[in-house]
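> sequence-free structure coming up:
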């Protein structure tokens with residue numbers, strides 16, 4: 001079946017691409033992307049001919065086949081029937097609807113007849129999906145999704161410099177303990193099947209990491225959950241790794257913790273970030289333990305939403321109520337744990353994420369960084385940015401590319417207030433030169449440096465030595481009438497055009513085709529005769545794309561010829 005799908009999809013692709021372009025003008029309110037699945041399954045299940053559509057097939061497609069294969073029933077309920085209507089209209093108007101088909105009028109009448117039933121089927125699917133999600137979420141105190149809107153509405157969170165965070169991470173007690181445990185384990189230590197370590201070994205390990213020996217009448221290995229949490233953390237941090245057979249071994253560089261390089265330190269700390277779950281209370285009853293699963297994350301997200309600090313008693317009461325709401329055993333579990341936040345706060349303090357004092361608990365800068373990463377891992381939107389004073393030029397350019405124009409302007413203005421214009425220009429152009437393939441970063445940097453006037457002249461002169469920046473440097477130096485500055489060449493102009501095409505292509509196929517149409521066919525043909533010679537990182541990719549998507553067959557053919565020349569010229 002997979003081969004059939006691939007063949008059908010390949011056959012459909014040119015027709016669907018042409019439909020997408022047609023829809024921009026002729027059916028702008030439809031969603032062409034919704035047509036793909038319907039057209040594909042029509043081809044697979046009902047007709048070998050892409051242009052043969054029957055009323056009965058259309059009904060069966062929408063009411064029987066699509067509910068089984070649709071990925072997004074919400075979007076389909078809103079837009080699939082209008083999208084299929086637009087597609088059938090396109091087939092009819094372009095002569096693709098074959099003589100063996102029912103007429104467009106008959107097909108549209110059938111769409112009207114089935115629309116209510118189709119929407120009802122999609123709504124049933126939506127309810128099923130939401131029901132499954134509710135089941136999945138039951139009992140999970142640490143789910144961030146219910147707070148998604150609040151997290152998105154938070155004011156910008158400024159993250160501290162890496163040097164500051166790394167310094168804090170080097171002082172994290174739990175990482176040090178995990179290192180010491182791993183070094184004690186050594187190389188090739190054999191572990192048991194029922195318990196990893198014998199009771200005698202457990203006593204040695206407890207002494208190594210500074211944990212007290214608990215009083216127990218049973219197996220000591222079963223009475224030391226804190227030790228096993230440290231063991232698991234050592235694995236998370238990649239201090240320990242499984243060896244051959246039933247052995248475990250310390251990693252070679254473990255003894256070097258805390259590492260000298262800030263990036264290495266933060267990478268290691270982030271590897272252990274999900275150990276926050278080890279702070280959840282562990283009770284003798286497994287069901288009660290599960291009722292409090294996620295408690296550590298529940299505390300962290302509430303701290304972030306509160307700006308970083310909460311009254312401890314107030315937070316404890318709020319979480320107790322929440323546990324009772326989420327799980328029918330939540331209240332019993334809370335009571336059985338005594339103080340459920342004790343293990344939570346002990347672990348988070350030990351991992352450098354919170355501080356407790358004056359009846360309040362607060363996120364540390366390292367803790368804020370960690371929670372932001374956990375939120376991001378949950379695919380929830382949050383506005384977190386590096387502190388302006390520590391933001392590099394490259395970080396600024398990358399961030400600004402994702403911001404609305406007014407916010408990006410504000411970031412640039414704040415960043416440049418901390419630097420002399422000459423230094424700002426130098427840093428921005430150096431950042432833009434790091435990656436010849438990143439046209440958007442290059443254009444942004446050139447645009448901002450262009451506002452600095454004569455102060456940027458030394459930086460522009462340095463940039464003349466960079467092939468990717470020379471076109472911008474020559475253009476701006478010429479505009480500033482700098483003596484002995486080189487005049488922009490035709491190749492420089494063509495490079496700038498290729499950069500603009502690269503950015504346009506990144507916005508989507510429709511935007512790219514629109515930008516090509518704005519040039520006009522005659523000028524575009526002239527450009528295709530020469531731009532293939534430019535040693536631009538994306539020239540072949542762009543020529544290939546033009547050959548595939550441009551609706552004018554002559555221009556598409558010219559792009560293919562240019563692509564052949566570019567590939568032939570590549571050493």
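Thanks, I have the structure now. Every value quoted in this text rests on a predicted model; they were computed, and no experiment measured them.

> Tell me who's in contact with the nearest residue to residue 367 once chain neighbours are set aside.
Residue nearest to residue 367 in three dimensions, not counting chain neighbours: residue 353, with 3.3 Å by CB to CB, 6 or more residues apart in numbering. C-beta: built from backbone N, CA, C; applies to glycine. For residue 353, the contact set (CB atoms under 8 Å, 6 or more residues apart in numbering) comprises 276, 300, 363-364, 366-367, 370-371.

> where's residue 353 relative to residue 363, distance?
Separation of residue 353 from residue 363 (CB to CB, to the nearest Å): 7 Å.

> any common contacting residues for the two?
What both residue 353 and residue 363 touch, as defined by CB under 8 Å, 6+ apart, is the set 300, 371.

> ok, longest helix in the chain?
helix 104-137 (DSSP state H).

> which parts of that one are buried?
104, 107-108, 110-111, 114-115, 118-119, 121-122, 125 (16 or more other CB atoms under 10 Å).

> Over to stretch 205-223?
205-206, 208-209, 211, 220-221, 223.

> just stretch 442-451 next, same as before
442-446, 448-450.

> Quick one: these as TSV, columns for secondary structure too.
Formatted as TSV, the buried residues of stretch 442-451 follow (DSSP: H, G, I helix; E, B strand; the rest coil):
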residue	secondary structure
442	helix
443	helix
444	helix
445	helix
446	helix
448	helix
449	helix
450	helix
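
> tell me the two of those residues that are most distant?
Among the buried residues of stretch 442-451, the pair separated by the greatest distance (CB to CB) is 442 and 450, at 12.2 Å.

> Might you report the residue contacts of the residue nearest the centre of the chain?
In the chain, the residue lying closest to the centroid (CA atoms, centre = their mean) is residue 379, at 7.0 Å. By CB under 8 Å, 6+ apart, residue 379 lies in contact with nothing.

> With residue 73 as the reference, measure out to it.
20 Å.

> Check residue 115 too.
15 Å.

> can you give me the helices in the stretch 1-150 of the chain?
Using DSSP state H, counting those that start in this stretch, the helices assigned to the stretch 1-150 of the chain run over residues 2-26, 35-45, 55-60, 66-69, 73-93, 104-137, 148-153.

> pLDDT (mean, whole number) over the shortest one?
Right, helix 66-69. For helix 66-69, mean pLDDT is 81.

> So which bits of that helix are buried?
The neighbour-count check on helix 66-69 (16+ other CB under 10 Å) flags residue 66 as buried.

> Counting by contacts, list what it packs against.
helix 35-45, helix 73-93, helix 104-137 (3 or more CB pairs under 8 Å, 6 or more residues apart in numbering; DSSP states H and E).

> Am I right that residue 362 is in contact with residue 349?
No: using CB atoms under 8 Å, residue 362 is not in contact with residue 349; the gap is 10.8 Å.

> anything in contact with each of these two?
Contacts common to residue 362 and residue 349, judged by CB under 8 Å, 6+ apart, are 355-356.

> buried stuff in the helix or strand bottoming out on mean pLDDT in the chain?
Within the chain, no helix or strand scores below helix 2-26, which has a mean of 74 by mean pLDDT, DSSP states H and E. The neighbour-count check on helix 2-26 (16+ other CB under 10 Å) flags 8, 12, 15-17, 19-23 as buried.

> Adding distance to residue 46, write these out as JSON lines.
Formatted as JSON lines, the buried residues of helix 2-26 follow (distance: CB to CB, whole Å):
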{"residue": "8", "distance to residue 46": "12"}
{"residue": "12", "distance to residue 46": "14"}
{"residue": "15", "distance to residue 46": "16"}
{"residue": "16", "distance to residue 46": "17"}
{"residue": "17", "distance to residue 46": "22"}
{"residue": "19", "distance to residue 46": "18"}
{"residue": "20", "distance to residue 46": "22"}
{"residue": "21", "distance to residue 46": "26"}
{"residue": "22", "distance to residue 46": "23"}
{"residue": "23", "distance to residue 46": "23"}
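
> picking up where we left off before, from the buried residues of helix 104-137, pick the one nearest residue 333.
residue 125 (35.0 Å).

> Any figure for the gap between that closest one and residue 67?
Relative to residue 67, and taking CB to CB, residue 125 is found at 6 Å.

> just residue 432 next, same as before
Residue 432 is 50 Å from residue 67, by CB to CB.

> Then residue 46?
Distance of residue 46 to residue 67, computed by CB to CB: 15 Å.

> now swap in residue 474 and tell me
For residue 474, the distance to residue 67 - CB to CB - is 60 Å.

> Same check on residue 141?
Taking CB to CB as the criterion, residue 141 is separated from residue 67 by 35 Å.

> and residue 12, what is it in contact with?
With CB under 8 Å, 6+ apart, residue 12 has these contacts: 36, 39-40, 43, 50.

> Now with 6 Å, please.
Residue 12 is in contact with residue 39, counting by CB atoms under 6 Å, 6 or more residues apart in numbering.

> same question, residue 474
Taking CB under 6 Å, 6+ apart as the test, what residue 474 contacts is 486, 488, 492.

> Now render the residues you listed as JSON lines, adding secondary structure and distance to residue 282.
Converted to JSON lines, those look like this (DSSP: H, G, I helix; E, B strand; the rest coil; distance: CB to CB, whole Å):
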{"residue": "486", "secondary structure": "coil", "distance to residue 282": "71"}
{"residue": "488", "secondary structure": "coil", "distance to residue 282": "69"}
{"residue": "492", "secondary structure": "helix", "distance to residue 282": "66"}
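
> Tabulate the residues you listed in JSON lines, adding columns for pLDDT, distance to residue 408 and neighbour count.
Output for these, formatted as JSON lines (pLDDT from 0 to 100; distance: CB to CB, whole Å; neighbours: other CB atoms under 10 Å):
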{"residue": "486", "pLDDT": "93", "distance to residue 408": "30", "neighbour count": "13"}
{"residue": "488", "pLDDT": "94", "distance to residue 408": "26", "neighbour count": "20"}
{"residue": "492", "pLDDT": "95", "distance to residue 408": "26", "neighbour count": "19"}
